[in-house]
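Novice: Fold the following, please.
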Amino acid sequence: MRSLETSATGSAMHDQGARIRAGSRALRRLLATLLLGGALEAVIAAPRVPDATALFDWAEEAYAGYFPSHQANQSLAPYVYRCYPETGNCVGVAGTGVWILGPIAGSATVPAYVGELAAFACLVYPASCTTGPRRTPRIAGGYNALSSMAIKADGSIWTWGSNLSGQFGDGTAKGATQWLPKQVMGPGTAIGVVLGVGHSSVIGSQGTVLAAGSNSGGTLGNGSFLGEQLSFGPVTVTSAAVHLSSADTRQAVIRSDGSVWRWGMSATGMPSDATNKAVRMGSFNDAVDVAHTQQAIFIVRADGSVWFWGLNEYGLGAGAVAAGATTGAQPVQIPGLDGVIGIAGGAQHVLALKQDGTVWSWGRNNAGQLGLSTATTQSSVPAPVPGIADVVAMSAGALQSIVVHRDGGVSGWGHNAGKLCLGTDTAIEPPTRVPGLDAVTDVAAVSSRGTLLVRTDGTVWACGANQLGVLGLGEFVTKVLVPTPVPGLNLH
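Specialist: Residues are numbered from 1 along each chain as shown. Just a heads-up that it's a prediction; the model follows:
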């Protein structure tokens with residue numbers, strides 16, 4: 001920090017910071033709004049407190065406008081810090097406190113205290129907290145579709161692959177193939193994205209849900225069951241959206257009050273209550289995550305319980321309802337499953353992330369997607385995936401599963417054919433660590449075709465089959481077996 005480099009002693013800095021801490025709560029609120037969208041004012045209890053490096057890396061990814069480059073840690077006792085010459089901002093850690101200075105703090109000489117490291121735990125490690133809904137990822141692969149989409153830190157939307165149903169949402173003619181990522185909406189548009197069959201949905205910067213593409217079965221939630229929409233338009237009754245999930249022709253959203261709303265077509269065998277407008281599921285106000293399989297919806301509540309709605313096929317209901325039966329109109333609790341903080345759904349299998357970093361799976365296992373031998377074709381009993389621990393993010397494809405570990409490494413299992421980034425074309429893989437890959441922060445399975453990975457420097461990497469450009473690697477790349485950078489795309 002500039003003042004750290006010229007200050008005579010660290011204790012003087014602490015004295016200044018103590019006065020700020022004691023007398024300027026209004027400044028802290030302002031800084032929290034600028035830096036963290038207001039989240040800093042909450043008192044958050046989290047199982048893991050970030051260290052300085054983890055905090056700085058997160059700030060560079062999440063708030064690139066203030067911290068736009070990757071800087072090395074510097075030290076001047078008692079501070080560890082990074083400075084960003086492009087903006088003049090600096091961020092530092094002393095003991096357990098976090099300090100900033102520069103234009104963002106209104107001072108280039110006096111550091112402002114913005115909170116304890118513990119207050120950032122749920123932001124740096126969102127998978128480890130149950131204080132509120134999980135963040136909708138800024139990257140998504142098509143669910144049984146051939147397109148992918150990403151949101152940059154500035155809120156602009158980028159997409160690539162097939163635009164067969166107008167799911168790019170940019171108002172252009174449908175049907176074209178985009179082999180490399182292109183921007184389709186400008187900065188400030190969105191903060192998270194999901195994809196389904198021929199449609200895309202984003203959470204807008206003001207908490208609205210916007211959708212584009214095919215409206216089969218009311219997927220776009222705009223009050224109609226027909227047609228296509230070539231430009232992003234609003235979904236009904238979805239203000240204050242904080243988390244979004246999508247499947248074939250169904251979508252669900254968690255709002256800031258913890259309520260869950262869904263819309264779209266019911267699959268064969270599911271409760272027959274298709275809706276072209278968002279309708280509420282259940283009466284609870286504490287949902288923290290929601291995910292789909294082809295014929296079910298799963299909801300995680302703040303107490304760590306998991307709730308099921310839909311058709312119990314391949315054991316997905318896990319004891320909530322009888323095999324082959326449906327839940328009826330409202331979700332029901334899966335018995336004996338607790339401590340869950342995140343959920344992901346494939347075609348016919350489910351992954352649940354527990355607070356201790358283990359991943360539990362159940363459902364169909366015809367391709368080893370549960371992490372078990374294919375001699376076990378399905379399981380109705382959630383069980384930990386062997387050898388998988390310290391997980392902070394995960395994604396389930398049609399027949400594969402892939403997770404990010406706390407150290408930035410990645411493991412995958414299930415149907416491979418190159419899409420698990422393991423360097424092999426083997427059909428089925430048990431849980432296996434991807435060799436030589438680190439610094440990963442997020443992952444998105446591209447249905448049955450591949451995987452997209454986001455690293456701490458904002459770059460996006462891909463592996464698998466590049467059919468119709470779904471991996472964004474260019475027209476002449478058909479398949480890659482190892483993580484390969486997507487050209488021209490950086491989410492910072």
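Novice: tell me the centre residue of the protein?
Specialist: Centroid-nearest residue in the chain, with CA atoms, centre = their mean: Pro137, separated by 2.6 Å.
Novice: ok, now which ones touch that residue?
Specialist: Listed by CB atoms under 8 Å, 6 or more residues apart in numbering, the contact partners of Pro137 are 192-194, 442, 444. For every residue, glycine as well, the C-beta is placed using N, CA and C.
Novice: Ser246 touches Ile203, doesn't it?
Specialist: No: in this structure Ser246 lies outside contact range of Ile203 using CB atoms under 8 Å: 11.7 Å.
Novice: overlap in contacts of these two?
Specialist: With CB under 8 Å, 6+ apart as the test, Ser246 and Ile203 reach no residue in common.
Novice: Please state the offset of the one helix or strand Val486 maps to from the chain centre?
Specialist: According to DSSP states H and E, Val486 maps onto strand 479-490. Put simply, strand 479-490 sits 19 Å off its chain's centre (CA atoms, centre = their mean, to the nearest Å).
Novice: Would you mark the buried spots in that strand?
Specialist: The neighbour-count check on strand 479-490 (16 or more other CB atoms under 10 Å) flags 479-481, 483-484, 486, 489-490 as buried.
Novice: Pipe the residues you listed into JSON lines and attach distance to Ala344 and pLDDT per row.
Specialist: Output for the buried residues of strand 479-490, formatted as JSON lines (distance: CB to CB, whole Å; pLDDT from 0 to 100):
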{"residue": "Lys479", "distance to Ala344": "24", "pLDDT": "96"}
{"residue": "Val480", "distance to Ala344": "23", "pLDDT": "97"}
{"residue": "Leu481", "distance to Ala344": "23", "pLDDT": "97"}
{"residue": "Pro483", "distance to Ala344": "20", "pLDDT": "97"}
{"residue": "Thr484", "distance to Ala344": "23", "pLDDT": "97"}
{"residue": "Val486", "distance to Ala344": "22", "pLDDT": "98"}
{"residue": "Leu489", "distance to Ala344": "23", "pLDDT": "96"}
{"residue": "Asn490", "distance to Ala344": "25", "pLDDT": "93"}
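Novice: for the stretch 301-450 of the chain, what spans make up the strands?
Specialist: All strands of the stretch 301-450 of the chain, identified by DSSP state E, counting those that start in this stretch, fall at 306-310, 332-333, 340-345, 349-354, 359-364, 378-384, 391-396, 400-405, 410-415, 428-433, 440-446, 450-455.
Novice: swap that for the stretch 101-250 of the chain, sorry
Specialist: In the stretch 101-250 of the chain, the segments counted as strands under DSSP E, counting those that start in this stretch are 107-116, 139-141, 147-151, 157-162, 177-185, 190-195, 199-204, 209-214, 228-234, 241-246, 250-255.
Novice: mind putting these in a markdown table, distance to Gly169 and mean pLDDT included?
Specialist: Shown next, in a markdown table, are those (distance: least, CB to CB, whole Å; pLDDT from 0 to 100):
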| stretch | distance to Gly169 | mean pLDDT |
| --- | --- | --- |
| strand 107-116 | 36 | 81 |
| strand 139-141 | 13 | 92 |
| strand 147-151 | 9 | 95 |
| strand 157-162 | 7 | 95 |
| strand 177-185 | 6 | 95 |
| strand 190-195 | 10 | 91 |
| strand 199-204 | 6 | 92 |
| strand 209-214 | 3 | 93 |
| strand 228-234 | 4 | 92 |
| strand 241-246 | 14 | 89 |
| strand 250-255 | 15 | 92 |
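Novice: For Ala352, find the nearest of those.
Specialist: Among those, the nearest to Ala352 by CB to CB is strand 241-246 (14.1 Å).
Novice: how many other residues sit next to the residue nearest to Thr358 when sequence neighbours are not counted?
Specialist: The shortest distance from Thr358 to any non-neighbouring residue, by CB to CB, 6 or more residues apart in numbering, is to Pro384 (4.9 Å). Residues near Pro384, counting by other CB atoms under 10 Å, number 15.
Novice: before we move on, what about Ala465?
Specialist: 18.
Novice: That one bridge partners, please.
Specialist: With DSSP bridges applied, Ala465 shows beta-bridge pairing to Lys479.
Novice: Pretty sure it sits against Arg449.
Specialist: Yes: assessed by CB under 8 Å, Ala465 is found in contact with Arg449 at 4.8 Å.
Novice: and for the two, which residues touch both?
Specialist: By CB under 8 Å, 6+ apart, Ala465 and Arg449 have these common neighbours: 419, 471.
Novice: what residue ranges in the stretch 201-350 of the chain score low on pLDDT?
Specialist: Within the stretch 201-350 of the chain, the segments meeting pLDDT under 70 span 267-272.
Novice: one more time with 50
Specialist: Counting by pLDDT under 50, the stretch 201-350 of the chain shows no low-confidence range.
Novice: Domains in this protein, by residue range?
Specialist: 2-124, 139-490 (automatic domain parsing).
Novice: Start and end of the last one, how far apart?
Specialist: When the termini of domain 139-490 are compared using CA to CA, to the nearest Å, they are 11 Å apart.
Novice: for stretch 445-454, same thing?
Specialist: End-to-end span of stretch 445-454 (CA to CA): 12 Å.
Novice: quick revisit: between the contacts of Pro137, which is nearest Leu117?
Specialist: Nearest to Leu117 among the contacts of Pro137, with distances taken as CB to CB, is Asp442, at 21.9 Å.
Novice: so that closest one touches Arg138, yeah?
Specialist: Yes: contact status for Asp442 versus Arg138: in contact at 7.2 Å, counting by CB under 8 Å.
Novice: Mutual contacts of those two, please.
Specialist: Counting by CB under 8 Å, 6+ apart, the contacts common to Asp442 and Arg138 are Val454.
Novice: dump the residue contacts of Val93.
Specialist: 51-52, 55, 79-81, 99, 117.
Novice: let me fix that: Trp261
Specialist: Residues counted as contacts of Trp261 (CB under 8 Å, 6+ apart) are 237-238, 252-253, 255, 278-281.
Novice: Kindly report the same for Thr238.
Specialist: By CB under 8 Å, 6+ apart, the residues touching Thr238 are 208-209, 221, 253, 255, 261, 278.
Novice: try it again with 7 Å
Specialist: Counting by CB atoms under 7 Å, 6 or more residues apart in numbering, Thr238 touches 208-209, 253, 261, 278.
Novice: And those residues, which is closest to Ala323?
Specialist: Taking CB to CB as the measure, Ala323 lies nearest Trp261 of the contacts of Thr238, at 28.5 Å.
Novice: Who does the closest one form a beta bridge with?
Specialist: Assigned bridge partners for Trp261, using DSSP bridges, are Val253, Arg280.
Novice: number of nearby residues for the nearest residue to Ala322 once chain neighbours are set aside?
Specialist: Closest residue to Ala322 apart from its sequence neighbours, by CB to CB, 6+ apart: Asn312 at 6.8 Å. Neighbours of Asn312 under the rule other CB under 10 Å: 22.
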